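Engineer: my questions are about this predicted structure, shown below with the sequence.
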Amino acid sequence: MQTIQEILKYVKGIKPREYQEKIFRAAAEKNTLVILPTGLGKTLVALLLVIDRLKKFPQEKIVFLAPTRPLAEQHLNYFKKYLPELFGQLELFTGKTPAEKRQELWQNADIIFSTPQCISNDLKNSLYGLEDVSLLVEDECHRCIKNYSYTYVAQAYKNQANHPRILGLTASPGHEKKNIEQICMNLNIEAVEVRTRESPDVKPYLQELNFNVIKLDFPEEFANIRELIKTPLLRKIDELKNRNLLFGPANKITLLECQKRIMKSIASGNKHFNLLLGASACAQALKLQHALELLETQTLFSLDLYIQDLLKQAEANKSKAVQNLVKQSEFIQARTRVKNLISKNIEHPKLAVLKELVSGELKESKKMKILVFAQFRDTLLRICKELNLIKGISARVFVGQAKKGEGKNETGLSQKEQQELIKEFSQGKINVLCASSIGEEGLDIPEVNAVIFYEPVPSAIRKIQRAGRTARLSKGKLIILLTQKTRDESHHWAAFHKEKKMYKVLEVLKNDLNKVNQELKKEKEQKNLEQF
């Protein structure tokens, strides 16, 4: 390993922090999983390690993987910014680059930035091998499970590389012990480096984070509509249980699993009436479950749009289940009540609170930047429209690419449009980004004054990624809107407990790996003594 002073000779315009140096030293010695909150400089750790490996093995290459093309490009630009121009040949591999061209570029490249799909496809087509790759970096490595391309490339690298070294980077690997162990196994991890905002060597570099959960009452009118939707939902759940198709508690996840089992049986040729009727009951239950989620946690606007869509599906005879659903008296009553509330300009109380929060931030600073996260696109559209009514606010919706079949009214953004929006947000032309999950992971969104969760998320990974968007360079606020006596409460506490569990699992794993490394060290010393 080169000393940090030798490494820094090749870095221009940036100096690593104490914790980044410590993590680099560990990663230089062993395959390392690095867990560091968003915005705390995982890429600089990778940059230091890249220099170290290229100096140690000057004839070999580096492969830096990121899950999307914009993120791979972002890493490329980061390296171009902080590495001297003549340090090495940097190349970006994407699906837009023809395979033959990638094969040609591979020969002369020193550092390749790519999506895992590109490298995976090229390896399967024998365009090149990984023998002369001295470092594999996998960003957002919590994705390195199951049969994802990340896993395939990691396996090929372990089998082929002459001088293997692996660096896994993530803000959160999730809370499930088996998943974390799977990631470590797939990447041959020998050491784990974990830091949080509270870590002693990280804390001095961070700004104050003001965290606030705003609890709101669920309006009585909304609760009445909820009862109307719940009645047919409970009927369908009972039906599934009576048909021995659903066991235990009924929620979105168990209903989706139930539907998957039923459809798999039907697809394999089992057309028994119990399964066919169960499929219809399950489809209706899932639609009612979704309507409840929109009512409790989103906006009446998004619920109304969803109801309209169901009516259109029924009219077009697209689904027998939907036709049966929209005819039910409770559904008709719920639909009427939603329309009545909308006609009186009544909305979910979160919307008014959100507008107050954004207006308050604007009064504090004309240069404020706010990131509002919400789960569904229709909610984001509604939020954006309402915020743009406030003088001084320029809000835009920031979502992923449109899904196939969304049609003319889709709200998706191409990767180029996403990058343009981030640029405008960075320049201050836009001061509020209303973002879906696309804003959580990886993309270089500038420092923001406040991050607002329109609804709590039950995922520890997503919560950590969202929260990491503020309080890095200046004071920040993290605000979660929580409607009491709704699924918001269970989602909030689920993420809280999962995050606690994640750090406990990582601590145990880190200690276990340390014990293994100490034993290996002792064995090595013993062998040396015996030889002596």
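Structural biologist: Now that the structure is in, tell me what you want to look at.
Engineer: contacts, neighbours, all on C-alpha from now
Structural biologist: Noted.
Engineer: for Thr97, phi and psi?
Structural biologist: phi -80, psi 120 (degrees, to the nearest 10).
Engineer: where do the strands of this protein begin and end?
Structural biologist: Using DSSP state E, the strands of the chain run over residues 32-35, 61-65, 90-93, 111-114, 133-139, 166-170, 191-194, 209-216, 370-373, 395-398, 432-435, 450-453, 476-483.
Engineer: Serialize those to a markdown table and add fields for mean pLDDT.
Structural biologist: A markdown table is the format used below for these (pLDDT from 0 to 100):
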| stretch | mean pLDDT |
| --- | --- |
| strand 32-35 | 94 |
| strand 61-65 | 97 |
| strand 90-93 | 94 |
| strand 111-114 | 96 |
| strand 133-139 | 96 |
| strand 166-170 | 95 |
| strand 191-194 | 92 |
| strand 209-216 | 92 |
| strand 370-373 | 94 |
| strand 395-398 | 93 |
| strand 432-435 | 93 |
| strand 450-453 | 93 |
| strand 476-483 | 93 |
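Engineer: TSV for the ones you listed, including mean neighbour count and distance to Val45?
Structural biologist: TSV is the format used below for the strands of the chain (neighbours: other C-alpha atoms under 10 Å; distance: least, C-alpha to C-alpha, whole Å):
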stretch	mean neighbour count	distance to Val45
strand 32-35	26	9
strand 61-65	24	13
strand 90-93	21	18
strand 111-114	24	15
strand 133-139	26	11
strand 166-170	25	9
strand 191-194	22	11
strand 209-216	14	24
strand 370-373	26	27
strand 395-398	24	29
strand 432-435	25	28
strand 450-453	25	26
strand 476-483	22	25
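Engineer: which of those strands sits closest to Asp512?
Structural biologist: strand 191-194 (9.4 Å; C-alpha to C-alpha).
Engineer: show me the contact partners of the closest one.
Structural biologist: Strand 191-194 is contacted by residues 23, 26-27, 30-36, 506, 509-510, 513-514 when judged by C-alpha atoms under 8 Å, 6 or more residues apart in numbering.
Engineer: how much space separates the closest residue to Leu413 other than its chain neighbours from Ser437?
Structural biologist: Closest residue to Leu413 apart from its sequence neighbours, by C-alpha to C-alpha, 6 or more residues apart in numbering: Gln401 at 4.8 Å. Per C-alpha to C-alpha, to the nearest Å, Gln401 is found 12 Å from Ser437.
Engineer: next: Asn162.
Structural biologist: Remark: distance between Asn162 and Ser437 (C-alpha to C-alpha) = 38 Å.
Engineer: since we're on Glu248, how many residues are nearby?
Structural biologist: Just to correct that, residue 248 is Gly rather than Glu. Gly248 has 7 neighbours, counted by other C-alpha atoms under 10 Å.
Engineer: now swap in Ala467 and tell me
Structural biologist: Neighbours of Ala467 under the rule other C-alpha under 10 Å: 22.
Engineer: please apply the same query to Tyr503.
Structural biologist: Counted with other C-alpha under 10 Å, residues neighbouring Tyr503 total 19.
Engineer: repeat for Lys498
Structural biologist: Residues lying near Lys498 (other C-alpha under 10 Å) number 18.
Engineer: what are the phi and psi values at the residue nearest to Pro67 when sequence neighbours are not counted?
Structural biologist: Distances taken as C-alpha to C-alpha, 6+ apart put Thr115 closest to Pro67, at 5.4 Å, once the chain neighbours are dropped. Note on Thr115: its backbone torsions stand at phi -80, psi 150 [degrees, to the nearest 10].
Engineer: and Thr115, how close does it get to Gly95?
Structural biologist: Distance of Thr115 to Gly95, computed by C-alpha to C-alpha: 8 Å.
Engineer: for these two, indicate the residue with more neighbours.
Structural biologist: A count of neighbours by other C-alpha under 10 Å puts Thr115 above the other of Thr115 and Gly95, at 26 against 14.
Engineer: tell me the contacts of that one?
Structural biologist: Leu65, Ala66, Pro67, Thr68, Arg69, Ala72, Phe93, Thr94 are the contacts of Thr115 under C-alpha under 8 Å, 6+ apart.
Engineer: let's see it at 10 Å
Structural biologist: 64-73, 92-95, 138-139, 149-150 (C-alpha atoms under 10 Å, 6 or more residues apart in numbering).
Engineer: of all the contacts of strand 191-194, which comes closest to Ala450?
Structural biologist: Leu36 (20.1 Å).
Engineer: might one say that the closest one is in contact with Asp139?
Structural biologist: No: applying C-alpha atoms under 10 Å as the test, Leu36 and Asp139 come out as separate, 11.5 Å apart.
Engineer: list the buried ones in stretch 33-46?
Structural biologist: Residues of stretch 33-46 classed as buried by neighbour count (16 or more other C-alpha atoms under 10 Å): 33-40, 42-46.
Engineer: closest to Gln313 among those residues?
Structural biologist: Using C-alpha to C-alpha, Thr38 is the member of those that sits closest to Gln313, with 41.5 Å.
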